[in-house]
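Chemist: Here you go, sequence then predicted model.
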Amino acid sequence: MIALTHDPIDHAALTECVRSPNCGAVATFLGTVRELTGDAVTVALDYEAYPGMAEKKLAEIEADVRARWPVGEVAMVHRLGRLGVGEISVVVAVSCPHRADAFEACRHAIDRLKELVPIWKRDNRADGTAHWVERP
């Protein structure tokens, strides 16, 4: 399952969605809006995307994960719009027969998502300034 959404992400439902009787491990990554970036106080992040290309890249990442690890299911969901501190911006959940593969596949998926998927974020700070954050 891959998706972009403006709605809050139900990470528990996504975790359940990837569970499988053939898999003994589920690894889940939650990305949340943090309050501090260095010394700067963040009040909100704005996420924007190029949806068609973002969904295509998410599908490519899913296919890559499935080719590298014995994955049961994969879920990758990224939220768009304005998110406040503490809100979930992205969830990646992966099930595999064993924990080492689940951890590795989940980490690979979130790392590739951050590198490849055309989603941008603007950091809105407590001092009233805002700037677009460069990709890693």
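Modeler: On my side now, so go ahead. Numbers count the residues shown, from 1 in each chain.
Chemist: buried ones in stretch 21-41?
Modeler: Neighbour counts over stretch 21-41 (16 or more other C-beta atoms under 10 Å) mark 23, 25-29, 31, 33 as buried. Every residue, glycine included, has its C-beta placed from N, CA and C.
Chemist: any idea which of these is closest to Gly72?
Modeler: Nearest to Gly72, judged by C-beta to C-beta, of those is Cys23 at 3.9 Å.
Chemist: Spit out the contact partners of the closest one.
Modeler: If a contact means C-beta atoms under 8 Å, 6 or more residues apart in numbering, then Cys23 has 72-73, 95-97, 102 as its contacts.
Chemist: Check for me that it belongs to a helix.
Modeler: No - using DSSP: H, G, I helix; E, B strand; the rest coil, the secondary structure at Cys23 is coil, not a helix.
Chemist: least trustworthy helix or strand in this structure by mean pLDDT?
Modeler: Across the helices and strands of the chain, mean pLDDT, DSSP states H and E gives its lowest value to strand 36-37, namely a mean of 86.
Chemist: Pull the distance from that one to the chain's centre.
Modeler: Its chain's C-alpha centre lies 19 Å from the corresponding centre of strand 36-37 when counted by C-alpha atoms, centre = their mean, to the nearest Å.
Chemist: Contacts made by that strand with the rest, please.
Modeler: Here strand 36-37 makes contact (C-beta under 8 Å, 6+ apart) with 42, 123.
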